[in-house]
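# Provided below for reference: sequence and predicted model.
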Amino acid sequence: MHKRTSWILTLKIWGIIVFTPTLITGMVHSNSILFCLKKNQPKLELLKTDKINLTNDNNLNQFLTKYNISDIGKWLNSSNENDIDGEINLNNIYRITLNGLNRTSKSNIMNHLRELPNIYLVEE
C-alpha cells in the first residue's frame, strides 16, 4: 500500500510539473498587434483628441471603433521615410494594444485587420 501511495504522489507531482507551464503559456499572450501599411500609403496621422476618429484612415477608424480599440501608436518612433526593407516601410508600422482578450478574439481581430485595403502585413 505504501508503494502505491508513493507512486500516486509521484504521478501527481510529475503532472503538476509537466502541465502547469502548458496552462500558463496557454493563458498568457501578448496584448498587442503590429500592422504595416502598404508601401504606397501615406503615414497615419494619429489623433489623440477624438475617440471616434483616431487616425486619418476611415477604414481603420471603423475597425478601431468596432473592436473598441483606443490605443494605437507607431512601433518604431525613430524610423523615417527612408527606412525601407523590401515592401515594408518601417515608418509605417503601428501597434495597437488590446485589453483583456483571449487568443480566439485576438485571432479574429488580426484576421479582420488583414482584410483592410491599406494593410500590408499583420503580426503579433
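Looks like it came in fine.
# wasn't residue 73 part of a strand?
Yes - using DSSP: H, G, I helix; E, B strand; the rest coil, the assignment for residue 73 is a strand.
# from residue 42, how far off is it?
Distance from residue 73 to residue 42, counting by CB to CB, to the nearest Å: 17 Å. Glycine gets a C-beta too; all of them are placed from N, C-alpha and C.
# comparing these two, which residue is more hemmed in?
residue 73 (13 against 10; other CB atoms under 10 Å).
# beta partners of that one?
Note on residue 73: beta-bridge partners residue 95, judged by DSSP bridges.
# can you pull the contacts of it?
46, 94-95 (CB atoms under 8 Å, 6 or more residues apart in numbering).
# most neighbours of all the residues you listed, which one?
In those, the most neighbours by other CB under 10 Å go to residue 94, 21 neighbours.
# so that residue sits right up against residue 34, yeah?
Yes - assessed by CB atoms under 8 Å, residue 94 is found in contact with residue 34 at 7.2 Å.
# overlap in contacts, the two.
Counting by CB under 8 Å, 6+ apart, the residues touching both residue 94 and residue 34 are residue 75.
# show me where pLDDT drops low in the protein?
Applying pLDDT under 70 to the chain flags the ranges 1-29, 49-53, 101-104.
# helices of that one, start to end?
Assignment of helices within the chain using DSSP state H yields the ranges 2-27, 58-66, 103-114.
# how about the nearest residue to residue 123, chain neighbours excluded?
residue 34 (4.8 Å; CB to CB, 6 or more residues apart in numbering).
# bridge partners for that neighbour, pull those for me.
The residues that residue 34 bridges to, once DSSP bridges is applied, are residue 95, residue 123.
# neighbours of residue 36, how many?
Around residue 36 there are 21 residues (other CB under 10 Å).
# contact partners for it?
Applying CB under 8 Å, 6+ apart, the residues near residue 36 are 88-89, 92-94, 119-122.
# pull the most distant pair out of these.
Taking CB to CB as the measure, these span a maximum distance of 15.3 Å, between 89 and 122.
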